[in-house]
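K.L.:
What follows is a predicted protein model with its sequence.
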Amino acid sequence: MELNILKFIRGLIGRKKHKLNLGKAEDNVLDLKQEISMTSFSEEVREPFNQPRSSGRIFHDFSFLILLMNQEKLNEPVLDFAAGSGWVSEFLVMMGFECVAFDIHPNLENIRKQRIESNPKLNKEKFHVKQGDGHEMPFENSTFGSILTFDSLHHMHDYNKVFEEFYRVLQKKGRAIFVEPGARHSKSPETIAFLKVMEHDPTWIERDVVLDEIDSIAKKAGFKKGVTIIPTQHPLSQTRFTMNEWNEFRDDKGASRKRFCDKFFNDNYNERVVFYVEK
């Protein structure tokens, strides 16, 4: 009977069912209490995984933020720039990084509190928050070994000032790493529709991220090498092959390779860009 009640309540609160430990009823009760407590957390803390269709893309892109960090700087503090709901910071802290979630909105401390309460794996001593403007950040020079910028640069009003700040707060050999929409972002139907929804907020912007422009801005800010681009297949429109198709593609020197390359170049310039700058 106890197990049936647990299953029933789990269904009511809309959480994914977990395998029950038949030998330890008290553990099941503790698990259930934690699941019920999650219902009291804000929707903001559930983001971005409250929309399963986007989770694959998010994990795919997050992996690049980690892989592209300078290995010499893994023990240095990380800045989660324009952290939003703080999920990147939560993941970083779980991985052992000391992280500062930074954003202009005033709800960061509440988000931190809720994420710590909902996730016992977090070391709260490594999870910090700071409110402020990305154009004039409240940090000392050379504070961070890495800056992670996940879908947020394109919301900044002045790229020049932002990159000047990135250069200032990064340590030598530190990297600012970006996963962003590309050169046609502002003109996409999705962006145009979203801006109509956000008409009530005149400060909200959706800018293009044009690699040539960013390269010039980064060099002007002090990043001598400019941007380093990591071209990848778009996670939502990957080209796939059967074994026969792949063998034919490998042997083909003409049209099919050109089509693949044309799409590859377009995706990594107009649709989605992954790059970093290093101090």
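P.N.:
That came in fine, so what should we check first?
K.L.:
from here on, contacts and neighbour counts on C-alpha atoms
P.N.:
Will do.
K.L.:
Check the protein and tell me which residue is nearest its centre.
P.N.:
Nearest to the mean C-alpha position of the chain, by Cα atoms, centre = their mean, lies Phe150 at 3.8 Å.
K.L.:
in the protein, which spans are helices?
P.N.:
Ranges of helices within the chain are 2-12, 25-38, 43-46, 55-67, 87-94, 108-118, 159-169, 189-197, 211-221, 243-251, 255-266, based on DSSP state H.
K.L.:
Nearest to Leu236 among these would be which one?
P.N.:
helix 55-67 (6.8 Å; Cα to Cα).
K.L.:
hang on, the earlier thing: let me know which of the helices of the chain is the nearest to Val277.
P.N.:
Nearest of the helices of the chain (Cα to Cα): helix 211-221, 7.3 Å.
K.L.:
Lowest average pLDDT across the helices of the chain?
P.N.:
With a mean of 39, helix 2-12 has the lowest mean pLDDT of the helices of the chain.
K.L.:
Turn the helices of the chain into TSV, including distance to Leu236.
P.N.:
Shown next, in TSV, are those (distance: least, Cα to Cα, whole Å):
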stretch	distance to Leu236
helix 2-12	31
helix 25-38	30
helix 43-46	22
helix 55-67	7
helix 87-94	20
helix 108-118	28
helix 159-169	27
helix 189-197	15
helix 211-221	21
helix 243-251	20
helix 255-266	13
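K.L.:
which one of those lies closest to Ile230?
P.N.:
helix 55-67 (9.0 Å).
K.L.:
re the thing from before, residues touching the residue nearest to the centre of the chain, list them.
P.N.:
Listed by Cα atoms under 8 Å, 6 or more residues apart in numbering, the contact set of Phe150 reads Phe62, Leu65, Phe81, Phe178, Val179, Glu180.
K.L.:
what's the nearest residue to the last one if we skip its chain neighbours?
P.N.:
This points to Glu180. Excluding its sequence neighbours, the residue lying closest to Glu180 (Cα to Cα, 6 or more residues apart in numbering) is Asp151, at 4.8 Å.
K.L.:
Which of the contacts of Phe150 sits closest to His135?
P.N.:
Comparing the contacts of Phe150 against His135 with Cα to Cα places Phe81 closest, at 11.2 Å.
K.L.:
Wait, the closest one touches Leu148, no?
P.N.:
Yes: between Phe81 and Leu148 a contact is recorded at 6.0 Å, counting by Cα atoms under 8 Å.
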